[in-house]
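# Structure here, sequence nowhere to be found:
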DNA sequence: AGCGCTTTTGCAAGCGTGTGCAAATGCTGC
DNA sequence: GCAGCATTTGCACACGCTTGCAAAAGCGCT
């Protein structure tokens, strides 16, 4: 065990010549302290390098200031962008983010939530996976708030933030039809996330409304390599698709690269592609991908204001609109 | 204030018909409890959904289990990859990551470290920026461990993990010379990070050894857009460079895109490019960038084992070797 | 100076846990 | 049954902080 020795309020009190409670009050906004002693305390604290112990404060106040972010594939562009936004806004709201990385295994999210409980997090935000009902119930019963992003699956306690995936998918069909595409395809991953499935189903439904069929192919976990393989599968069909909606920008990038470099197809002349997420790479001039931008700042804002509100939190369900960003991967933008 | 009510050890004790200390011991590995009561406690805990309060435990044990990761630009590919590795390995070591996002401002890192102290983090890992000496001294004095990654700037207490940037830069020169490049350039950002500057200086020095001059251009913060602008500047010179070392893969991607799409140059025939970091995009078939891979897993491993070791930690300085990944952006790989 | 009032201060209890210490319990061998 | 020992248990204090409560101090007034 290392030699840990942080300076305590006691020492500050001694140096400032006041009681320990005075120190505590000097660091509590709105507490009853005279400006004179407040200054004395602050000065002494400064000299000693005193910082309030938030573990102890959290214990007393029953409010740790910690918010747990539960997420898999942190290194993915979209995830990391959302993460960035969330941490920034949390810090702004006076909270601090605890990051827990989950894998694809089932218990992973559950274990993460238990960790959140152990540290008495004020709230947890779930960006990936879905916890068991029993655990979410435990969280809510304990008074811990829960935010589920893009997880659909309505429960009563938590805040749900979702995008209107079906509506977006329908807009893609319109764009493809307007561009003169006739052979539609949907490139999906096998992850089966609610939001991914909603895009798929919405795309198929809207296509049917236009009297068009959709070829669906699924492979791997949503990433660049999977996109290449999906291109392999879809672009070697007798009836080669000419309008492909990829469930994710990463898939779309892989898809486009394979289409161009391996099948020598030109985008958008011979092949129209639309992605989803508007990751940074989508705007790079090698791709110039038409895609939907996720309102990450809005998502983060909604999440943070809800979870840092006072009083008992009401469960809510929010549905935000992704914005279609026209670039050059679809004809006639 | 919300209604927070977590189940405490007291309640578990009651339900299990034992004393509260027994509960505590049941959750402390190696404590003196009979297997019988241990089972009774675990059962009761399970039923009630009890989780040890780590705030209180941290207070008592003087060891919170929290490790603070201080980082700017989380959404950047390299940073998020390192972050992923760190969080994973921390979790593996039984620690939990607290993520603090800094901006470019000076006090930012200092404030982050103060936050780390407030939560009595066992250690903090600094991936960006450089804290004031007074603050690092405070951390060390308090017994908080410190890891600085790619920050050079040797101090005695912390663990420093650095790459051999100069050596890497020298290898780039060799590669360029072998490829027949004669007009070398270095594309850098204005950030002025030690590691970036080391690459620049190392490149210039090694080029001089080969009797070659280097044109240096710096712009913005290391990112795709900056890379495009650097290309603008460098590729419009009378003596157009034919071998460009970009301080970062992101810069390199922007640089390559501008070179190809805007100046219609072919890589590597007319222009050789090398990057640094080996971000995922470097392997995408639109780039196939020759670059140096940062040993992120090794970095994370070193960091985590050092900071989770017991006893008083010795300051250390580690220098790891980045690996040259040959792809297609340099002739004659 | 003395009164009533407001502001400031210190005391002490409490938050949920770990752990040293002494008492209690269980076990072994006579 | 009892001494001798090892194991288990409960009590009580400590960790560093917040906060209700009552006492103390300050202030304006007569």
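Thanks, I have it. Quick caveat, the model's predicted, so the values are computed rather than measured.
# And the pLDDT for the closest residue to chain B within the stretch 101-250 of chain A?
Nearest residue of the stretch 101-250 of chain A to chain B, counting by CB to the nearest CB: residue A:143, 3.4 Å away. All C-beta spots, glycine's among them, are computed from the backbone N, C-alpha and C. If you check residue A:143, the pLDDT there is 90.
# Can you verify my assumption that residue A:10 contacts residue A:20?
Yes - between residue A:10 and residue A:20 there is a contact under CB atoms under 8 Å: 5.6 Å.
# what about the two, which has more around it?
The residue with more neighbours, out of residue A:10 and residue A:20, is residue A:20; 14 against 11, by other CB atoms under 10 Å in any protein chain shown.
# and the more buried one, what does it touch?
Taking CB atoms under 8 Å, 6 or more residues apart in numbering or on different chains as the criterion, residue A:20 is in contact with A:9, A:10, A:13.
# and what of residue A:274?
With CB under 8 Å, 6+ apart, residue A:274 has these contacts: A:172, A:175-176, A:244-246, A:252, A:289-292, A:329-330.
# I'd like to know how far it sits from residue A:129.
The gap separating residue A:274 from residue A:129 is 26 Å, by CB to CB, to the nearest Å.
# Tell me if residue A:43 really is in a strand.
No - Residue A:43: not assigned to a strand; according to DSSP: H, G, I helix; E, B strand; the rest coil it is helix.
# helix, strand or coil for residue A:160?
strand.
# Now do it against residue B:63, distance only.
37 Å.
# who has more neighbours, these two?
The neighbour count for residue A:160 versus residue B:63, taken as other CB under 10 Å, is higher for residue A:160 (19 against 15).
# give the contact list for that one.
Neighbours of residue A:160 in contact, by CB under 8 Å, 6+ apart: A:147, A:148, A:151, A:152, A:153, A:154, A:315, A:316, A:317, A:318.
# how about a cut-off of 7 Å?
Contacts for residue A:160 (CB atoms under 7 Å, 6 or more residues apart in numbering or on different chains) come out as A:148, A:154, A:317, A:318.
# Taking those residues together, which two end up most distant?
Spanning the widest gap among the contacts of residue A:160 are A:154 and A:318, at 11.4 Å by CB to CB.
# who's more crowded, the two?
residue A:318 (16 against 11).
# would you say that one is within a strand?
Yes - counting by three-state DSSP, residue A:318 is found in a strand.
# my read: it touches residue A:299, true?
No - counting by CB atoms under 7 Å, residue A:318 stays clear of residue A:299, with 8.7 Å between them.
# In three-state terms, how would the nearest residue to residue A:150 once chain neighbours are set aside be classified?
Leaving aside its sequence neighbours, residue A:150 sits nearest to residue A:195 (CB to CB, 6 or more residues apart in numbering or on different chains; 4.5 Å). Reduced to three states with three-state DSSP, the structure at residue A:195 is helix.
# count of residues packed around residue A:195?
Neighbour tally, residue A:195, other CB under 10 Å: 19.
# and the gap between it and residue A:248?
10 Å.
# Enumerate the residues of the stretch 201-333 of chain A near chain B.
A:224, A:253, A:257, A:261, A:280-281, A:284-286, A:310-313 (CB under 7 Å from any CB of the partner chain).
# would TSV of the residues you listed with pLDDT, neighbour count and secondary structure be doable?
As requested, those are exported to TSV (pLDDT from 0 to 100; neighbours: other CB atoms under 10 Å in any protein chain shown; DSSP: H, G, I helix; E, B strand; the rest coil):
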residue	pLDDT	neighbour count	secondary structure
A:224	98	22	helix
A:253	98	29	helix
A:257	98	20	helix
A:261	96	14	helix
A:280	97	20	helix
A:281	98	24	helix
A:284	98	23	coil
A:285	96	18	coil
A:286	97	20	coil
A:310	79	8	coil
A:311	74	8	coil
A:312	73	10	coil
A:313	76	22	coil
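# And the residues you listed, which is closest to DNA strand C?
Using CB to the nearest atom of the strand, residue A:312 is the member of those that lies nearest DNA strand C, at 17.9 Å.
# For that closest one, what are phi and psi?
Backbone geometry at residue A:312, expressed as degrees, to the nearest 10, gives phi -80, psi 130.
# swap in residue A:255?
Torsion angles, degrees, to the nearest 10, at residue A:255: phi -60, psi -50.
# need the contact list for it.
A:187, A:227, A:230, A:231, A:244, A:246, A:273.
# cool, and residue A:259?
Residues near residue A:259 by CB under 7 Å, 6+ apart: A:231, A:235, A:265, A:267, A:271.
# Leaving out chain neighbours, which residue sits closest to the fourth one?
Going back to what we said before, that points to residue A:267. In this structure, residue A:267 finds its nearest non-sequential neighbour in residue A:329, 5.3 Å apart by CB to CB, 6+ apart.
# how much space between that neighbour and DNA strand D?
54 Å (CB to the nearest atom of the strand, to the nearest Å).
# My reading is that that residue lies in a helix. Confirm?
No - judged by three-state DSSP, residue A:329 forms no part of a helix; its state is coil.
# Look up which helix or strand the nearest residue in space to the residue of the stretch 101-250 of chain A closest to chain B that is not next to it in sequence falls in, please.
Spatial nearest neighbour of residue A:143, chain neighbours left out: residue B:4 (3.4 Å); criterion: CB to CB, 6+ apart. Of the helices and strands defined by DSSP states H and E, none includes residue B:4.
# I'd guessed residue B:4 sits against residue A:61; true?
No - here residue B:4 does not reach residue A:61: they are 9.7 Å apart, not a contact under CB under 7 Å.
# in the stretch 51-200 of chain A, which spans are strands?
Counting by DSSP state E, counting those that start in this stretch, the stretch 51-200 of chain A has these strands, from start to end: A:66-72, A:96-102, A:123-126, A:145-149, A:159-163, A:184-188.
# Using CSV, please lay out those strands together with distance to DNA strand C.
Formatted as CSV, those follow (distance: least, CB to the nearest atom of the strand, whole Å):
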stretch, distance to DNA strand C
strand A:66-72, 15
strand A:96-102, 18
strand A:123-126, 18
strand A:145-149, 18
strand A:159-163, 25
strand A:184-188, 44
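# Pull up the residues of chain A that are close to DNA strand C.
With the criterion set to CB under 7 Å from any atom of the strand, chain A comes near DNA strand C through A:18-22, A:25, A:32-37, A:56, A:59-60, A:62.
# now, which of those lie within helices?
Residues of the residues of chain A next to DNA strand C located in helices (DSSP state H): A:20, A:21, A:22, A:25, A:35, A:36, A:37, A:56, A:59, A:60.
# Tell me which two of the residues you listed sit farthest apart.
Every pair of these checked by CB to CB; the farthest is A:36 and A:59, at 29.9 Å.
# if you count what's nearby, which of these two comes out ahead?
With neighbours defined as other CB under 10 Å, residue A:36 and residue A:59 compare such that residue A:59 has more, 17 against 8.
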